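Chemist: Next one to model:
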Amino acid sequence: MTSPLLKSARSNGEIVELHFETEEQCFLPIEAFANIPGFSILKDREVALHPAVVCGLLTWSNGLDMSPDALRELVQAYALPREATQNVTFPVVERTMSPIQGDTMPIISMFYGIVIMMVYDEGSRHHLPHIHVRAAEHTASISILNAEIIAGSLPSKKLALVQAWIILHEEELMTNWDLCRKHQTPVPLSPLQ
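Modeler: Got it, this is the predicted structure:
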């Protein structure tokens, strides 16, 4: 059974409130996230204040994201009791996106904790048609033409899944690449199943 997806998330820099599609609500201390390898940046209050939900996944303004299963494990281990959160308030904050992480890229597919994005940037060092992939703390740019990594890295199992997905969707990916070159939004593609 897969873990439920999120509907919304907000933070006051110390506590994160989560609302799941199952209508479940829970609160987690920011330390629960900040102690995960690769997530220590959440000790920075400015980053901790900006969680968001993208396609059911918890994401942060600096590009971090968390799979539903990993989030479910955190909830089971660190959820705060309801009485400890009765007087918690949350500021109204705008979610800002880091241009360094490329978080403004449209997400075109998600599967098995992998997020696939695409954007065309004429100033990019990658002139080949490519996608951007994020899997936990790993990121990579991968060629559409040969499914090889152009930059970054992914764990071998995640890379194999992405390569299989690229082969299945090569024609659609090239159509999306052409849309991006015209500064149009690429269309979502079905996930690997």
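Chemist: Spatially central residue in the protein, please.
Modeler: residue 65 (3.8 Å; C-alpha atoms, centre = their mean).
Chemist: Does that residue touch residue 52 like I think?
Modeler: No. Contact status for residue 65 versus residue 52: not in contact, 9.6 Å apart, counting by C-beta atoms under 8 Å. No exception for glycine: its C-beta is placed from N, CA and C like everyone else's.
Chemist: which residues are in contact with both of those two?
Modeler: 58-59 (C-beta atoms under 8 Å, 6 or more residues apart in numbering).
Chemist: how close does residue 169 sit to residue 57?
Modeler: 20 Å (C-beta to C-beta, to the nearest Å).
Chemist: same question but for residue 114, I mixed them up
Modeler: 11 Å.
Chemist: What is the neighbour count of residue 163?
Modeler: 16 (other C-beta atoms under 10 Å).
Chemist: Which helix or which strand is home to it?
Modeler: helix 156-168 (DSSP states H and E).
Chemist: Quote the end-to-end distance of stretch 113-130.
Modeler: Taking C-alpha to C-alpha, to the nearest Å, stretch 113-130 runs 19 Å from one end to the other.
Chemist: pLDDT (mean, whole number) over that stretch?
Modeler: The predicted model assigns stretch 113-130 a mean pLDDT of 69.
Chemist: next one: stretch 67-79
Modeler: 87.
Chemist: Mind listing what's buried along it?
Modeler: Along stretch 67-79, these residues count as buried under the neighbour rule (16 or more other C-beta atoms under 10 Å): 67-68, 70-71, 74-75, 79.
Chemist: now stretch 45-58
Modeler: If you call a residue buried by 16+ other C-beta under 10 Å, then stretch 45-58 has these buried ones: 47-53, 57-58.
Chemist: Please work out which residues outside that stretch touch it.
Modeler: 5-14, 16, 18, 21, 30, 34, 41-42, 59-62, 65-68, 71, 91, 93, 95-96, 107, 110, 115.
Chemist: Over to residue 172. Which of the three states is it?
Modeler: Under DSSP: H, G, I helix; E, B strand; the rest coil, residue 172 falls in the helix class.
Chemist: ok, now which ones touch it?
Modeler: Counting by C-beta under 8 Å, 6+ apart, residue 172 has contacts 187, 189.
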